[in-house]
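Novice: predicted model and sequence follow; I will ask about them next.
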Amino acid sequence: MAAVVGTVSAPWLAGRWRAPALLPLAFLPPAAAAAVAGYAPTLVGLIVAVAVTAVSFQSLKVLTDALVGGKAPDPIRGRVFAIYDVLYNVAFVLAGLVMIPLWHLGRERPLLWWLAAAFGVGWLVMARMVRAWPFVGARRPVAPPPGRWRMRCLSLLAGAALVVVFPRPSVWWSAWFLLVPWLILIRRAPSAREAALRGWWGAVGFLLALHYWLLPSVNVFLPAIIAVLALLWLPWAAITWRVLSGDLSALGLGIQHSVELAVKQANASNAIPGWTLKVEAKDDQGVPDVGKNAATAFAGETNVAGVVGNLNSSVAQSTQPVLATAKIVQVSPANTNPSLTQGANYTTAPVRTYATYFRTCTTDAVQGPFAAQYLYQTDHITKVATINDKKTYGEGLVAAFTQEYKKLGGTITDAETINPDESNFQAVIAKMKPTAPDALYYGGEYPQAGPLSQQMKAAGLNIPLMGGDGIYDPKYVALAGTTANGDLATSVGAPTDSLAAGKKFLADYAAAGYKDPAAAYGAYSFDATNAIINALKVSLKGAAAVASVRQATIDALGKVSFTGVTGPVAFDKFGDTTSRVLTVYKVASLKWVPVVTKAFK
């Protein structure tokens, strides 16, 4: 019976679904059948479990040959059938040897659980093997981002660990420690949706561990009841993720969603025939070490075609060498420190450091002087104080501004620094105020710039604060409060809504339903993604695997030239954008309003 059903069904499944993913799925029916029979062990349940297992394994053998035959090299086929034979023989021989004595002893449940576990392992092994197969094409699906289900399973275990505390009041203090792994898993989720799912899985683990004793009476309905109750944890996990996300999450989410939009549109238009693009988001939290770990994870994945990021220049310094070693192209929509493309001596002896690194935004070597020219020549401000946050971006921006401002004839009345995690700036304001500057130029991002502006004016220093693209965000105005009017910022390129292509991008972004705004770097992320896609159109043509054409992708990306939503997109010999257009924005009526847009000369 198993041979007949398996032989008839496997070719039909192979022709209908056209997906090697069916191979690991063949392990799931017997795993489920054995697990259900283990909950309520009966002779009928045991027979059903064995029958389902026999049909699935016979289907697997024919299905493997139908899908793989003639496409995979002999070593691959050899490994597939070796695993098949081992699992098949071990499972059924051992089951046959121990079935009768266990049944007579009333101990059939361990056998069923053993079978379920064996099939689960078989599913994991086959799923991992399928993802590593070298033959790629229209018939091969793109796997979901690796690690996602692993994180969800870890969330399940982290939630179950909390049962140690409840209901034991004497060890309440351990909850502070046992909650940490679950919170970390939620915090590291790439989106609020994924965070909510990890919260749900953790809740399922906790409720299962807490109420397992109800299993004999509730039986198979217990998992369903718990799955429904765990839905109560969805909003908690999403809110927790929002609270624990980095200070720059608004900018980061705008980047992520813009990348997703570009990929969605590329797939819809079949931009790369035979290939489907997927987005895997990792949060670097604005921390170099975290960013380096994320880059290392990408470098270990053979199907990663390119990376859009990072947001922070200081993080990019850690990710560049990792991705360069793996020959994975990296296009940043936001890094503005010149040394990332032209080396530490970019002013005197520029040299390209990493051939894999590109960016769609202009650099601080342009942005800082552009701001200096505006303050000195347009606003006629001759005395400025500077503050930077000691990070790569902030230091580089202030250094470029200072050099140009002094060259024009302006005076730097005071130069101070703060720590990026500070929130009280009274001490630095007290040092700066006696120097009587007419404006403050800040090198850093809006989480510190907003409170700095508010506290500065509350202390009686009523001068405009000007910064770079790191403060150009609606959250700056919210943090600075009602005194933000008159503050200034520069940002790369022309206002997105001033260009026809930019207006279409914003309309498409809104239509996609993203709750977070595209923010300052959304359009540049969209163009960065399309730059990689244009390069992949060349490198993946006729290719069998992503990893085999990474050098070709690097070469093709350097020659990319197209009109994006921010204007012309192309790269010079250092990987920098050829565009030098910037815009000055001013806060008016508590909104950022463009003042002037032009190319820096």
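Specialist: The structure has been received and is ready for your questions. This one's a predicted model, so the numbers in the text were calculated from it and none came from an experiment. Numbering: from 1, shown residues only.
Novice: ok, residue 151 touching residue 186?
Specialist: No: at 9.6 Å, residue 151 and residue 186 do not qualify as touching, with contact defined as CB atoms under 8 Å. In this view, the C-beta of every residue, glycine as well, is placed from N, C-alpha and C.
Novice: report the separation between residue 415 and residue 548.
Specialist: 51 Å (CB to CB, to the nearest Å).
Novice: next one: stretch 583-599 to chain centre, how far?
Specialist: Chain-centre distance of stretch 583-599: 31 Å, with CA atoms, centre = their mean, to the nearest Å.
Novice: buried set for it?
Specialist: 583, 584, 585, 586, 587, 592, 595 (16 or more other CB atoms under 10 Å).
Novice: now the strands for this structure?
Specialist: Assigned by DSSP state E, the strands in the chain fall at 306-308, 329-332, 357-359, 383-388, 411-417, 439-443, 465-467, 488-492, 561-564, 567-570, 581-588, 591-599.
Novice: now those strands in JSON lines, with mean pLDDT and distance to residue 339?
Specialist: As requested, these are exported to JSON lines (pLDDT from 0 to 100; distance: least, CB to CB, whole Å):
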{"stretch": "strand 306-308", "mean pLDDT": "97", "distance to residue 339": "19"}
{"stretch": "strand 329-332", "mean pLDDT": "98", "distance to residue 339": "13"}
{"stretch": "strand 357-359", "mean pLDDT": "97", "distance to residue 339": "11"}
{"stretch": "strand 383-388", "mean pLDDT": "98", "distance to residue 339": "15"}
{"stretch": "strand 411-417", "mean pLDDT": "97", "distance to residue 339": "19"}
{"stretch": "strand 439-443", "mean pLDDT": "98", "distance to residue 339": "15"}
{"stretch": "strand 465-467", "mean pLDDT": "98", "distance to residue 339": "20"}
{"stretch": "strand 488-492", "mean pLDDT": "94", "distance to residue 339": "17"}
{"stretch": "strand 561-564", "mean pLDDT": "96", "distance to residue 339": "25"}
{"stretch": "strand 567-570", "mean pLDDT": "94", "distance to residue 339": "21"}
{"stretch": "strand 581-588", "mean pLDDT": "96", "distance to residue 339": "19"}
{"stretch": "strand 591-599", "mean pLDDT": "95", "distance to residue 339": "23"}
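Novice: who has more neighbours, residue 151 and residue 186?
Specialist: residue 186 (27 against 19; other CB atoms under 10 Å).
Novice: was I right about the more buried one contacting residue 240?
Specialist: Yes: shown here, residue 186 and residue 240 form a contact pair, counting by CB under 8 Å, at 5.4 Å.
Novice: now do the shared contacts for these two.
Specialist: Jointly contacting residue 186 and residue 240 under the rule CB atoms under 8 Å, 6 or more residues apart in numbering are 195, 199.
Novice: ok, residue 411 to residue 417 distance?
Specialist: Taking CB to CB, one finds residue 411 at 19 Å from residue 417.
Novice: residue 238 too?
Specialist: Distance from residue 238 to residue 417, by CB to CB: 36 Å.
Novice: name the residue in those two with the higher neighbour count.
Specialist: Neighbours per residue (other CB under 10 Å) separate residue 238 from residue 417, with residue 238 holding more: 20 against 15.
Novice: for the more buried one, give me its contacts.
Specialist: With CB under 8 Å, 6+ apart, residue 238 has these contacts: 192, 193, 195, 196, 199.
Novice: put together a markdown table for these, with distance to residue 406 on each row.
Specialist: Below are the contacts of residue 238 laid out as a markdown table (distance: CB to CB, whole Å):
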| residue | distance to residue 406 |
| --- | --- |
| 192 | 46 |
| 193 | 49 |
| 195 | 47 |
| 196 | 52 |
| 199 | 53 |
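Novice: so which of those wins on neighbours?
Specialist: When neighbours are counted by other CB under 10 Å, residue 199 leads the contacts of residue 238 with 29 neighbours.
Novice: how many neighbouring residues does the spatially closest residue to that one that is not a sequence neighbour have?
Specialist: Leaving aside its chain neighbours, residue 199 sits nearest to residue 237 (2.2 Å; criterion: CB to CB, 6 or more residues apart in numbering). By other CB under 10 Å, the residues close to residue 237 number 27.
Novice: surely residue 237 and residue 193 touch.
Specialist: No: Residue 237 lies out of contact with residue 193 (CB under 8 Å); the separation is 9.9 Å.
Novice: okay, residue 155: pLDDT?
Specialist: With respect to pLDDT, residue 155 scores 91.
Novice: wouldn't it be in contact with residue 201 here?
Specialist: Yes: look at residue 155 against residue 201 with CB under 8 Å: they come within range, at 4.2 Å.
Novice: can you tell me the centre-most residue of the chain?
Specialist: With distances taken as CA atoms, centre = their mean, residue 281 lies nearest the centre of the chain, 1.3 Å away.
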